[in-house]
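Visitor: no sequence for this one, just the structure:
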Ligand code: B12
Ligand code: SF4
């Protein structure tokens, strides 16, 4: 195969602006989690890329398939816009649609480029599937160069920050340095998508006009199961002033009144978050907000200030109720911190969403029990309890590499609900444990309707079933019977209907 060059009739040299069509192939109605767990926000990666391209002499449009039925809108836009390059944002879940878009691009002689978390972890798969180029890391500077080459009909092999095919060889260009100063990023190109579709959907659902905002890129912590394909362990953040400018634009242009800060961890650097919160209070705009935080960073005085600035809901990576497991995961957090923060959030009337994980190597039934007890004590308003997913490129993955079952996946459709490696116990045991968390959560919601005594008895009833029936069945002779062969579809126990609310991590 020859090195890919665009055959586009638009090749125009220096005088003509390259044309780039960016596509988000996520079709919400196809996401099995969407109705229950997914909260719809546009991809900030794609909106920022678009704004950056626009600021660098490129004509750019976006097709966002979130509210569409299929890739029809992409075909129609390609026909009208004649792009030199079609750039696709990828997640594991959206792979089939991404490949369809690549085929549409190629049939229109445009260069097909894939970027985002999924393409970053398996570039070869995307090149095999019809993409010309993959951009596995930060996209801004790289896509400008790739778009110019696409317009000029130049080859892509060896371009920094890309992976491309030269003949049959996969050629990885040298790494592209990360942007040093995130304040250089323009405001996301909200005008290129239908923001009202998102805001209106939120308004109907919650009465609030919700939008997402990102203040940093990357995370300096090193949890052993965490995959960071795009930004690695780097950490950069915008100045509080730049964040406030974006906040104001959202409020002024779109009447947004609720913000989701989408950072991997919000407020890692204490002086930074203090300045941001103080200025939000002093200068406005006043919005309510939610974020993902670490229990070791949420000190009591900080929590007070966050609440005063509008904090409504916090996502916490609690993961386990066993200190031994937190240490094995290299979480860097203490159980005492979880307990302090959980109690404090309750006292401040802030909703808490806990991420919990079962099945990490080294976990025993006692550890699972400790997690359930912690969950019972604090009954977070929302939670997700997933079965540990060994994602390629992580230390966890390396440690179970010789025990993988079926095709290893990064988080996607079944992520968090299937056992993807030979863990200590069979998959049905973990499914059963997920059910127990669901049961506890339902009981907690009935607290106002039923007496403490009745609730306690219902809770103990499931403990009894667990001790006398479920565990002996799943781990003893019966356990051997339900053990799944490699790659077999998950066997749902009768007790697991309706499915446990333990969803895979949403983000
Ligand atoms: C915020 C967030 C959400 C939000 C908003 C989602 C959205 N619309 O993007 C919500 C809560 C809605 C969400 C939902 C889901 N999410 Co989410 N989410 C995140 C999170 C925390 C931040 C995303 C972000 O804004 N990053 C910052 C931007 C700047 O980075 P970026 O998007 O990667 O883009 C840069 C580069 O990747 C590259 N790039 C990206 N696209 C392209 C395209 C081209 C052509 C090029 C050249 C470059 C390029 O350039 C960009 C700028 O530098 C990430 C984790 C993370 N740290 O990235 C998970 C993450 C992206 N989510 C994930 C998942 C699985 C989901 C869900 C599928 C969950 C589910 N349903 O089960 C849904 C899908 C919903 C959707 N709309 O796609 C996974 C994806 C893993 C994978 N391999 O698929 C991640 C990586 C978390 C994880 N580690 O598991 N998510
Ligand atoms: S799990 Fe969260 S805190 Fe840990 S490394 Fe990943 S992003 Fe950072």
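Guide: Alright, I've got the coordinates. Nothing here was measured: the structure is a model prediction, and the numbers come from that model. Ligands and ions are numbered 1, 2, ... in the order given.

Visitor: Would you mind listing the buried residues in stretch 350-365?
Guide: 350, 352-361, 363 (16 or more other CB atoms under 10 Å). Just so you know, the C-beta spots here come from the backbone N, C-alpha and C atoms, and that holds for glycine as well.

Visitor: Contacts (any at all) between ligand 1 and it?
Guide: No: in this structure, stretch 350-365 remains apart from ligand 1 according to CB under 6 Å from any ligand atom; the gap is never smaller than 10.7 Å.

Visitor: For stretch 340-351, what is the distance to the chain centroid?
Guide: Between the mean C-alpha location of stretch 340-351 and the chain-wide mean there is a distance of 25 Å, by CA atoms, centre = their mean, to the nearest Å.

Visitor: Sort out which residues of it are buried, please.
Guide: By neighbour count, and taking 16+ other CB under 10 Å as the criterion, the buried residues in stretch 340-351 are 340-342, 344-345, 350.

Visitor: Over to stretch 40-58?
Guide: The neighbour-count check on stretch 40-58 (16+ other CB under 10 Å) flags 40-43, 45-54, 56, 58 as buried.

Visitor: out of those, what pair is the most spread apart?
Guide: When these are compared pair by pair using CB to CB, the two farthest from each other are 40 and 56, 29.0 Å apart.

Visitor: What distance separates the opening and closing residues of stretch 75-87?
Guide: Distances were taken as CA to CA, to the nearest Å; on that basis the terminal residues of stretch 75-87 are 14 Å apart.

Visitor: quick one: average confidence on that stretch?
Guide: Model confidence over stretch 75-87, given as mean pLDDT, is 98.

Visitor: can you offset everything so residue one is 235?
Guide: Will do, 235 is the new start, and the previous item becomes stretch 309-321.

Visitor: which residues sit against it?
Guide: Contact with stretch 309-321 is made by 240, 242-245, 252-257, 283, 295, 297, 308, 335-336, 338-339, 342, 344-349, 373, 377, 380-381, 384-385, as judged by CB atoms under 8 Å, 6 or more residues apart in numbering.

Visitor: before we move on, back to that, same list as before, the buried residues of stretch 574-585 that is, but in JSON lines and with pLDDT included.
Guide: Output for those, formatted as JSON lines (pLDDT from 0 to 100):
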{"residue": "574", "pLDDT": "97"}
{"residue": "575", "pLDDT": "97"}
{"residue": "576", "pLDDT": "98"}
{"residue": "578", "pLDDT": "97"}
{"residue": "579", "pLDDT": "97"}
{"residue": "584", "pLDDT": "97"}
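
Visitor: Looking at those, spot the one nearest residue 478.
Guide: Lowest distance from residue 478 to the buried residues of stretch 574-585 (CB to CB) belongs to residue 584, with 22.1 Å.

Visitor: Surely that closest one and residue 543 touch.
Guide: No: between residue 584 and residue 543 no contact is recorded; they are 11.8 Å apart, counting by CB atoms under 8 Å.

Visitor: next SSE after the helix or strand where residue 667 lies?
Guide: Using DSSP states H and E, residue 667 falls within helix 661-679. Next in sequence after helix 661-679, counting helices and strands by DSSP H and E, comes helix 686-699.

Visitor: gap between that following helix and the chain center?
Guide: Centre-to-centre, helix 686-699 and its host chain are 35 Å apart (CA atoms, centre = their mean).

Visitor: Buried residues, stretch 685-697. List them.
Guide: Neighbour counts using 16+ other CB under 10 Å place 689, 693, 696 of stretch 685-697 among the buried residues.

Visitor: For it, what is the distance to the chain centroid?
Guide: Put simply, stretch 685-697 sits 36 Å off its chain's centre (CA atoms, centre = their mean).

Visitor: Need the contact partners of that stretch.
Guide: Counting contacts by CB under 8 Å, 6+ apart, the residues outside stretch 685-697 that touch it are 610, 670, 673-674, 677, 680-681, 684.

Visitor: make it 7 Å
Guide: Under the criterion CB atoms under 7 Å, 6 or more residues apart in numbering, residues 670, 673-674, 677, 680-681 lie in contact with stretch 685-697.
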